[in-house]
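Colleague: The amino acid sequence is not available; the structure is as follows:
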């Protein structure tokens, strides 16, 4: 009976460690890419990776997604884009780590979402803005300038939405 308890505890510890590694990998990829960009690319310099379709260009974003909130007073912007996200991401991380019955796909989605969010909050707290550097332009499909944290956030949201839709469809057929 005690070996069963030990196995269960080891399994929980492994889950905890794997989730932290996934979050850390998302943060790490984002932060390493931003360090390289800050060091190697000048502001508003454009480096074409795939003709004029995939471009590296460094900008600092003091607002949120697509510079939303750029015009807010600095104190309000700091509270809304730095302090509030720290609490939300902290709760999200706590929920992820200690809610043991979450489906695996939901855990993966939350790892991406939380890791990306933390990556951008680190920038805001250390630099007062977020370094963005990726831009895509394929005619009808054109993005704003974004970073790998934004990619992680979008992957996480996509996974969670797909999981949610599949769950609703599953119960529809019952």
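Modeller: Ah, there it is. Everything quoted here is computed from the prediction, not taken from an experiment.

Colleague: pLDDT score assigned to residue 67?
Modeller: Note on residue 67: pLDDT of 64.

Colleague: A strand includes residue 60, no?
Modeller: Yes: counting by DSSP: H, G, I helix; E, B strand; the rest coil, residue 60 falls inside a strand.

Colleague: just for this protein, where's the confidence low?
Modeller: Within the chain, the ranges that satisfy pLDDT under 70 run 1-3, 5-6, 8, 65-69, 170-174.

Colleague: could you say what helices and strands the longest helix anywhere in it packs with?
Modeller: If you go by DSSP state H, the chain has its longest helix at helix 2-40. Counting contacts by 3 or more C-beta pairs under 8 Å, 6 or more residues apart in numbering; DSSP states H and E, helix 2-40 is packed against strand 54-61, helix 84-98, helix 104-127, strand 130-138, helix 148-172. Where you see a C-beta, it was placed from the backbone N, CA and C, and this is true even at glycine.

Colleague: Tell me how far the closest residue to residue 100 other than its chain neighbours lies from residue 112.
Modeller: Once flanking residues are discounted, residue 100 sits nearest to residue 12: 7.0 Å by C-beta to C-beta, 6 or more residues apart in numbering. Applying C-beta to C-beta, to the nearest Å, the value for residue 12 to residue 112 is 22 Å.

Colleague: can you tell me which residue is nearest the centre of the chain?
Modeller: In the chain, the residue lying closest to the centroid (C-alpha atoms, centre = their mean) is residue 116, at 1.6 Å.

Colleague: which residues sit in contact with that one?
Modeller: For residue 116, the contact set (C-beta atoms under 8 Å, 6 or more residues apart in numbering) comprises 26, 30, 148-156.

Colleague: So residue 72 lies in a helix, does it not?
Modeller: No: per three-state DSSP, residue 72 lies outside any helix segment and is coil.

Colleague: which residue packs closest to it, ignoring adjacent ones?
Modeller: Excluding its sequence neighbours, the residue lying closest to residue 72 (C-beta to C-beta, 6+ apart) is residue 80, at 7.1 Å.

Colleague: one step back: okay but the residue nearest to residue 100 is in contact with residue 101, surely?
Modeller: No: using C-beta atoms under 8 Å, residue 12 is not in contact with residue 101, being 11.9 Å away.

Colleague: Appreciated, that's everything.
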